[in-house]
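Asker: Any chance you can model this:
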Amino acid sequence: MNHIAFLGGGNMATAIITGMIQKGGFLPTQISVVEHNEAQRDLLSRDLDAQCFENIAFAHAQMSSPPNVWVLAVKPQNMHEALAELAQHITAEQIALSIAAGLPMATLQSWLNGHRKIVRTMPNTPALVGQGMTGVFAPNLNPNEHALVEKILASIGQMVWVQEESQIDAITAISGSGPAYVFYMMEQLTQAAVDLGFDAATAKQLVQATFAGAVQLAGESTESIATLRERVTSKGGTTAAALASFAEHGLDSAIHAGVAACKARAEELAQKLSAG
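Answerer: Alright, predicted model coming up:
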């Protein structure tokens, strides 16, 4: 059986482990976690029955079998120190799958003493409810390894494989940070509903149901999003008035500029983290 070890047991790691067990067909005995925080180790052991260890050296000595995959799930600013320890134990055939934002593959390889089997990913927070979108870059895997990585990530939602690492920063700007854009729009629309006289609970219900229904309709329809928008927009009608106001206030330009700013910041942070 495959053995998947997590370096870090925080929220995203917990989401992936939960998905692997509940949806991915993995057994708790196939999963190990190295986590310094005792309370988090206790939580993972109790709720998910995962094998938990305080540090890599102890895990390496106690694991019943070597991992096929190390999921690198510590915070980006702590990754260098963590990989200095892992580099002493990782073997050439093991996969290092990073979910840390902003750390280029070359940096991860350097911190792992030239290790080649590295997967760089960009998941997003809907993974916490099994509806994630993950961008994946993995140029050095064989077909079996590719399939194993896909099995792990499919347990938290959908994924897109990219051929160029630079596309990971672009995915960060779209789906990685995208949930915040959606929440921002929901926040503003909810406040607009309150301003129109609805109580907070009703405003939240109206907005959440509208977003959920629109997403489901878009997913089930064969028509483009632009066509779906047009079908709601009668010429000279109420929706047209709202959309005209959005255009007048530059909402479309603001969204494009925001996405570009996010991508630029991702590239900037990558340089800073690599230098560190």
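Asker: tell me the contacts of the residue nearest to residue 23 when sequence neighbours are not counted?
Answerer: In space, and not counting its chain neighbours, residue 23 is closest to residue 155: 4.8 Å by CB to CB, 6 or more residues apart in numbering. For glycine as for every other residue, the C-beta is placed from the backbone atoms N, C-alpha and C. Listed by CB atoms under 8 Å, 6 or more residues apart in numbering, the contact set of residue 155 reads 16, 19, 20, 22, 23, 24, 26, 130.
Asker: all strands for the protein, in order.
Answerer: For the chain, the strands defined by DSSP state E cover 4-7, 31-34, 51-53, 69-72, 95-98, 118-122, 132-137, 157-161.
Asker: strands paired with the fourth one, and their directions?
Answerer: Partners of strand 69-72 in the sheet, by DSSP bridges, are strand 4-7 (parallel), strand 95-98 (parallel).
Asker: just the CA coordinates of the last one, formatted as PDB?
Answerer: What follows is strand 95-98, C-alpha atoms only, in PDB (Å, rounded to 0.1, in the frame of the first residue of the first chain):
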ATOM      1  CA  ILE A  95       7.900  12.400  -4.000                       C
ATOM      2  CA  ALA A  96       7.900  15.800  -2.300                       C
ATOM      3  CA  LEU A  97       4.500  17.400  -2.900                       C
ATOM      4  CA  SER A  98       4.500  21.000  -1.800                       C
END
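Asker: before we move on, the earlier item: out of the strands paired with strand 69-72, the one nearest residue 59 is which?
Answerer: strand 4-7 (6.9 Å; CB to CB).
Asker: Need the strands paired with strand 69-72 in CSV (columns: mean pLDDT).
Answerer: Converted to CSV, the strands paired with strand 69-72 look like this (pLDDT from 0 to 100):
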stretch, mean pLDDT
strand 4-7, 97
strand 95-98, 98
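Asker: Kindly report the domain assignment for the protein.
Answerer: Using automatic domain parsing, the domain parsing of the chain gives 4-163, 178-270.
Asker: re earlier: quick one, which of the strands of the chain is packed in tightest?
Answerer: Of all these, strand 4-7 has the most neighbours on average by mean count of other CB atoms under 10 Å, namely a mean of 26.
Asker: Contact partners for residue 84?
Answerer: residue 111.
Asker: Give me the buried subset of the contacts of residue 155.
Answerer: 16, 19, 20, 24, 26 (16 or more other CB atoms under 10 Å).
Asker: quick one: the residue sitting furthest away from the middle of the chain from residue 246, how far?
Answerer: When distances are taken from the C-alpha mean of the chain, residue 236 lies farthest, 40.9 Å away, according to CA atoms, centre = their mean. Using CB to CB, to the nearest Å, residue 236 is found at 16 Å from residue 246.
Asker: again with residue 232
Answerer: 13 Å.
Asker: next one: residue 261
Answerer: Taking CB to CB, one finds residue 261 at 19 Å from residue 246.
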